[in-house]
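Asks: Here is my input; please provide its structure:
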Amino acid sequence: MKIPQHVYMVGIGGIGMSALAQLLVHQGKKVSGSDREESPVTALLSERGIRVIVGQDACNIPANTELVIYSDAVPSSNVERVRTKEMGIKELSYFEALGKISKDARTIAVSGTHGKTTTTGMLGKILQFCEKQPTVIVGSIVRDFRSNFLAGKDDFFVVEACEYRDHILKLSPTILVITNIELDHTDYFPDLAALQETFRTAAEKVPAHGVIVTNPYDPTIAAVLDRARAPILDYTTQTVPALNQIGEFNRMNAMAAKCAARAAFPHLQEEYTDRALMEFKGSWRRFEYKGETPNGALVYDDYAHHPTAIEKTIEAARAEFPDKKIIIAFHPHLYSRTRSLMNEFGRALAKADEAIVAPIYAAREEEDLAVTNEVVADVSRRFGGSTLALDSFDRIRDKLLTYDDRHLIITMGAGDIYKVAEQIAGE
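Replies: From the prediction side, this is the model:
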């Protein structure tokens, strides 16, 4: 189906949904939508003339709506989705809609457990800098674009692709980037083998004239390439310049972005790809500097919500600021992930000089009284961590304000812990 003229979006403030809304407006569609609360993303949409209703109600859907697109986090019992069915309006999930829009375009999909947002942003920056006019949808606000969307050609897409609930399989990329594979989304994937099967199917879908950009010598990745028809490019062979982003993991992201750009356009001059990477400013909530506390502690915010990402971010911060004590304020995301990876979370948080654990961010899940921030903190202490559980953001804020210029504070997690960073850096 083609996307009709009048579109309503349920959960429009989601990071992917908001980018799709901007894309549809760029294509001349009339778009409005709702979300449960205001956020920096809904503010961005409003600034761009897209009507956002805060709060969800059956009466919100305009009478002339021809298509409803819903966030994959919005259940079928949502009042607006129920009303959509009553009105007989066609509905698509975010990834279904994105798949249909990009199906006949040249699409580069960037996937992987870690680094896909930064890699997508870097790739978009390279292609923009080299005047290839990509249309980019990325899972964060990229400073270089001042948005999570970059308008470009309608037949050339760069898209961040999530493996959760097999969403990646809704896309039809000519170039597929796989940064890495590690068990995550344990509410959907029971084990690593199940996750690998999704990536195996995604790799198999890439046509023979396409390309898969990955690290084929990583055994976890090598196992998913056995049915691939497209040639494999090893991104680890790329050289990259000094970056504004810290950490070896960001060098790997840059290698993957550069390799994908040159796969799409083999004649790109290296001086231009490298200059774009050197100038890349990063994105929202990726080791983002927020300021200082009144006592002089540096404050950063990071989206890390998986044990590996936590550990790598702490290591990178310690290497960059060897004279600072690293303080982590962590907001666990999902009961299922926290339960499945409890020991790994405990071990990762123990790498900090001190860690504070907030109450678990439930998101789409029901409360699990057996999985609490107290349990996370206790497990971390067993691994030698100096880890404390606090029951509110207010108490976490007050604790963080006691640190001085000997300390570097990182608020961390996929929930709204970033609000604490903004509060303490703005005191």
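
Asks: Check which helices and strands the lengthiest strand in the chain sits against.
Replies: Determined from DSSP state E, the single longest strand within the chain is strand 135-142. When contacts are defined as 3 or more CB pairs under 8 Å, 6 or more residues apart in numbering; DSSP states H and E, strand 135-142 sits against helix 15-26, helix 40-47, helix 116-129, strand 147-150, strand 156-160. Just so you know, the C-beta spots here come from the backbone N, C-alpha and C atoms, and that holds for glycine as well.

Asks: list the buried ones in it?
Replies: 135, 136, 137, 138, 139, 140, 141, 142 (16 or more other CB atoms under 10 Å).

Asks: doesn't residue 117 make contact with the second one?
Replies: If I follow you right, that is residue 136. No. With contact defined as CB atoms under 8 Å, residue 136 does not reach residue 117; the gap is 11.4 Å.

Asks: For residue 109, give the beta-bridge partners.
Replies: As for beta bridges, residue 109 partners with residue 159, residue 176 under DSSP bridges.

Asks: could you pull out the helices for the stretch 301-427 of the chain?
Replies: Taking DSSP state H, counting those that start in this stretch as the test, the helices found in the stretch 301-427 of the chain are 307-320, 335-340, 342-349, 373-382, 393-400, 418-425.

Asks: closest one to residue 367 among those?
Replies: Distance to residue 367, taken as CB to CB, is lowest for helix 335-340 among the helices of the stretch 301-427 of the chain, at 7.2 Å.

Asks: Tell me how far the longest strand of the chain lies from the chain's centre.
Replies: With CA atoms, centre = their mean, to the nearest Å as the basis, strand 135-142 stands 9 Å off its chain's centre.

Asks: List the buried residues for the biggest helix by length in the chain?
Replies: In the chain, taking DSSP state H as the definition, the longest helix is helix 248-264. Residues of helix 248-264 classed as buried by neighbour count (16+ other CB under 10 Å): 249-264.

Asks: for stretch 162-174, same thing?
Replies: Judged by neighbour count (16+ other CB under 10 Å), stretch 162-174 contains these buried residues: 162, 163, 164, 165, 167, 168, 169, 170, 171, 172, 173, 174.

Asks: which phi and psi does the last one have?
Replies: Note on residue 174: its backbone torsions stand at phi -80, psi -30 [degrees, to the nearest 10].

Asks: Point out where this structure drops to low pLDDT.
Replies: Counting by pLDDT under 70, the chain contains low-confidence residues at 1, 427.

Asks: Apply 50 and report the result again.
Replies: In the prediction, the chain carries no residues with pLDDT under 50.

Asks: Run a quick check on residue 215 versus residue 221, I expect a contact.
Replies: Yes. At 5.8 Å, residue 215 counts as touching residue 221 under the criterion of CB under 8 Å.

Asks: anything in contact with each of the two?
Replies: residue 180 (CB atoms under 8 Å, 6 or more residues apart in numbering).

Asks: what distance separates the longest helix of the chain from the centre of its chain?
Replies: In this view, helix 248-264 has its centroid 17 Å away from the chain centroid, taken as CA atoms, centre = their mean.

Asks: before we move on, what about stretch 9-23?
Replies: The answer for stretch 9-23 is 14 Å, by CA atoms, centre = their mean.

Asks: Ok, stretch 298-313 next?
Replies: 13 Å.

Asks: what about it, start to end distance?
Replies: 15 Å (CA to CA, to the nearest Å).

Asks: now do stretch 264-282
Replies: 22 Å.

Asks: contacts for stretch 282-290?
Replies: Counting by CB under 8 Å, 6+ apart, 40, 117-118, 121, 138, 140-143, 244-247, 298-303, 313, 316-317, 410, 418, 421-422, 425 sit against stretch 282-290.

Asks: Please indicate which of the residues you listed are buried?
Replies: Buried, going by 16+ other CB under 10 Å: 117-118, 121, 138, 140-143, 245-247, 298-303, 313, 316-317, 410, 418, 421, 425, out of the contacts of stretch 282-290.

Asks: could you redo the helices of the stretch 301-427 of the chain as TSV and give each row distance to residue 294?
Replies: Shown next, in TSV, are those (distance: least, CB to CB, whole Å):
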stretch	distance to residue 294
helix 307-320	21
helix 335-340	32
helix 342-349	26
helix 373-382	26
helix 393-400	11
helix 418-425	8
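
Asks: Any idea which of those helices gets closest to residue 366?
Replies: Closest among the helices of the stretch 301-427 of the chain, using CB to CB: helix 335-340, at 7.8 Å.

Asks: And for the closest one, what's in contact with it?
Replies: Identification of contacts with helix 335-340 by CB under 8 Å, 6+ apart yields 183-187, 305-306, 332, 345, 360, 362, 365-368, 370-371, 376.

Asks: Redo the buried residues of stretch 162-174 as CSV? Include distance to residue 355 and secondary structure.
Replies: Converted to CSV, these look like this (distance: CB to CB, whole Å; DSSP: H, G, I helix; E, B strand; the rest coil):
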residue, distance to residue 355, secondary structure
162, 27, coil
163, 28, coil
164, 26, helix
165, 31, helix
167, 32, helix
168, 32, helix
169, 37, helix
170, 37, helix
171, 37, coil
172, 42, coil
173, 38, coil
174, 43, coil
